[in-house]
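Engineer: got a structure for you, letters missing:
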């Protein structure tokens, strides 16, 4: 059974800092991996999707990498802003059926 | 496009009552799914559908029924509500994976917060 773990569970940083969120998964046979953002009381917003054949994806200040062989992905946020404060979720699709297995999330707070 | 919509936003039930959580999408997505989010447990898949008339169970299907008569709608039915079903429920949709030129990104609705007393 696929298990997804995110470390750290919570992170507090000053504004402007570059930061890395980590995601690990136990079964390397994945179809894709997605990073989502969730604001309190809201739904999930997709940030980046990495196909199994890709190594990284970039969108603005966000960069996500994927190392299937080691079962790891990282989300890099450059020049963090208070508006980046949210919970970040990593999810793995193992069956190309969009049946996602989620990690527990990292709750990020960026202080002004 | 409204995207993925869910109703109601909040609901309180008594143990044993039944209800239907509504989910609709206007993006012509083939794939739709239901997740529940609980503190300490993360999001877990309840049921999913790969097209109209086709549904299957996810990780935690007990106590829930689904059907998919149209591409747009994917309702989730609680047959006899139990306190253990107190949770936030999210509906998601996407195109069929691997569709040429189309992202596999999943789109989530705003959620329904359900309390069972």
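Structural biologist: Noted; the coordinates are in hand. Here the structure is a predicted model, which is why all the values come from computation and not from measurement.
Engineer: hang on, residue B:90 packs against residue B:37?
Structural biologist: Yes. Using CB atoms under 8 Å, residue B:90 makes contact with residue B:37 at a distance of 6.4 Å. For every residue, glycine as well, the C-beta is placed using N, CA and C.
Engineer: who's more crowded, the two?
Structural biologist: residue B:90 (24 against 20; other CB atoms under 10 Å in any protein chain shown).
Engineer: What distance do you get for the more buried one to chain A?
Structural biologist: Taking CB to the nearest CB, to the nearest Å as the measure, residue B:90 falls 6 Å from chain A.
Engineer: Surely that residue is in a strand?
Structural biologist: Yes. If the criterion is DSSP: H, G, I helix; E, B strand; the rest coil, then residue B:90 is within a strand.
Engineer: so what's the nearest residue to residue B:30 once chain neighbours are set aside up against?
Structural biologist: Of all residues not flanking residue B:30 in the chain, residue B:96 sits nearest, at 4.5 Å (CB to CB, 6 or more residues apart in numbering or on different chains). Residue B:96 sits next to B:30, B:31, B:50 when contact means CB atoms under 8 Å, 6 or more residues apart in numbering or on different chains.
Engineer: Which of those fall within strands?
Structural biologist: Counted as lying in strands by DSSP state E, out of the contacts of residue B:96, are B:31, B:50.
Engineer: Narrow the contacts of residue B:96 to just the buried residues.
Structural biologist: B:30, B:31, B:50 (16 or more other CB atoms under 10 Å in any protein chain shown).
Engineer: Bridged to the closest residue to the last one other than its chain neighbours, which residues?
Structural biologist: Think residue B:50. Leaving aside its sequence neighbours, residue B:50 sits nearest to residue B:31 (CB to CB, 6+ apart; 5.7 Å). Counting by DSSP bridges, residue B:31 is bridged to residue B:94.
Engineer: what about residue B:110, distance to residue B:13?
Structural biologist: To residue B:13, residue B:110 is 19 Å away according to CB to CB, to the nearest Å.
Engineer: same deal with residue A:49?
Structural biologist: Following CB to CB, the distance that separates residue A:49 from residue B:13 is 35 Å.
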